[in-house]
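**Student:** with the input below, show me the fold.
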Amino acid sequence: MDWEEKPINIVNFTPDSKLYEYKLGIERITDDLVKFGLTKSQAKVFIYLGKYGSKTSPEVCKDLKLPRTETYHILNVLTNRGIVVNEFSHPTMYSAIQMEVAIKIMIQTEQAKIGMLAEKEKEITKLWNKIPLFFTPTCKPEFEKFQMLQGLPRIHSKMKNMISNAKVGCKLLCGVKDLSRFYYSNLLESFDSSTLDLKLIISTEDVMPEFMAKMNKLKIKILPQTMARNQCFLIKDDEELLIFLRNANFPAKEIFAFWTDSKSLIESIKLLFNYSWKSSKTVEQKQLMIQN
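**Tutor:** Residues are numbered from 1 along each chain as shown. Purely as a prediction, here's the structure:
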């Protein structure tokens, strides 16, 4: 039987699976649904019902390996939010509404919350300004800063902020797995569309991702296969550095990165990038090597 005819658990694919990109797409959708107010477990159940059709609570519990009481609670929450419906059957079946309709419902809910918060803006600001400072500001010399970042949403948000606020340019070096995650989080879109001096080095096998065909080839070089493929970092304006201590070779929740404005560290990583850029092939050169 062809794999397309079998029930597929798209939530649990491993990196060596042919359908790994489906998993990355699911992770991106999950992160986006969380932004609409769902928990990750709620998003997981909604996606499952949307892709596998109507299910009973025990089936959801078993297939997604969720606790029984938590499954009932999640289904009730999703039903109350109007994005999952009950079917008149015994046992009760649950099904997800269409994604575009669900998104509109969640947007309306979040807009109502934002409206309530906006009304509180002046009140909160007024109360804040009434509270005095409990220290005396001094003219101390500024120290170099660093920040530890864990989890893809937080790291990708930081990277998007760095790219969007760049004034000169950015340098990005990563592997194919990292690149795929950047693509599905829309990070590459802001990188590739920028008119600044942006350079991207990719460490890859012979086969390159299809989405790279849409990118500006002048900004991309391919790292020689003899060089390490577990490095991933972003330099902004030679003033900020975000370097992955655990990249896409680890599960999404275990991704770990380090941000700093340390001049000495940035200069060292910049030298590594510049050396790698000179040693790397253009996309056209890489394609010729594959063809030959």
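**Student:** what are the phi and psi values at the nearest residue to T260 once chain neighbours are set aside?
**Tutor:** Once flanking residues are discounted, T260 sits nearest to F146: 4.2 Å by C-beta to C-beta, 6 or more residues apart in numbering. Glycine gets a C-beta too; all of them are placed from N, C-alpha and C. Here is the backbone geometry of F146 (degrees, to the nearest 10): phi -150, psi 160.
**Student:** was I right about F146 contacting S262?
**Tutor:** Yes. If you go by C-beta atoms under 8 Å, F146 and S262 touch, sitting 7.0 Å apart.
**Student:** if you count what's nearby, which of the two comes out ahead?
**Tutor:** Higher neighbour count among F146 and S262: S262, with 16 against 12, using other C-beta atoms under 10 Å.
**Student:** residues in contact with the more buried one?
**Tutor:** By C-beta atoms under 8 Å, 6 or more residues apart in numbering, S262 lies in contact with E144, F146, L241.
**Student:** can you give me the helices in this structure?
**Tutor:** 20-35, 40-52, 57-64, 68-80, 99-130, 152-164, 176-184, 187-193, 263-279, 283-291 (DSSP state H).
**Student:** out of the ones you listed, deepest packed?
**Tutor:** Mean neighbours per residue, mean count of other C-beta atoms under 10 Å, is largest over the helices of the chain for helix 176-184, with a mean of 21.
**Student:** contacting residues around that helix?
**Tutor:** By C-beta under 8 Å, 6+ apart, the residues outside helix 176-184 that reach it are 15, 21, 24-25, 27-28, 152, 156, 159, 174, 188, 191, 202-205, 208-209, 211-212, 232, 244, 247-249, 252.
**Student:** 7 Å instead, please
**Tutor:** By C-beta atoms under 7 Å, 6 or more residues apart in numbering, the residues outside helix 176-184 that reach it are 15, 21, 24-25, 28, 152, 188, 202, 204, 209, 211, 232, 247-249.
**Student:** circling back to that earlier point, which stretch among the helices of the chain comes nearest L218?
**Tutor:** When these are compared by C-beta to C-beta, helix 283-291 sits nearest L218, at 9.0 Å.
**Student:** got the domain ranges for the chain?
**Tutor:** Domains of the chain are assigned by automatic domain parsing as 1-140, 146-291.
**Student:** S276: which of the contacts of helix 176-184 is nearest?
**Tutor:** I202 (10.4 Å).
**Student:** what's the neighbour count on the closest one?
**Tutor:** By the criterion of other C-beta under 10 Å, I202 has 22 neighbours.
**Student:** that one contacts P224, correct?
**Tutor:** No. I202 is not in contact with P224 according to C-beta atoms under 7 Å; the separation is 11.3 Å.
**Student:** so what pLDDT did the residue nearest to T260 get?
**Tutor:** You'll see F146 listed with a pLDDT of 88.
**Student:** that one: what's it in contact with?
**Tutor:** F258, W259, T260, S262.
**Student:** from S164, how far off is it?
**Tutor:** With the distance defined as C-beta to C-beta, to the nearest Å, F146 ends up 21 Å from S164.
**Student:** not counting sequence-adjacent ones, nearest residue to K253?
**Tutor:** Spatial nearest neighbour of K253, excluding adjacent residues (C-beta to C-beta, 6+ apart): G151 at 6.1 Å.
**Student:** looking at it, that neighbour is touching A257, isn't it?
**Tutor:** No. Using C-beta under 7 Å, G151 makes no contact with A257, being 9.4 Å away.
**Student:** who has more neighbours, the two?
**Tutor:** Legend: neighbour count by other C-beta under 10 Å for G151 and A257, higher for A257 (24 against 15).
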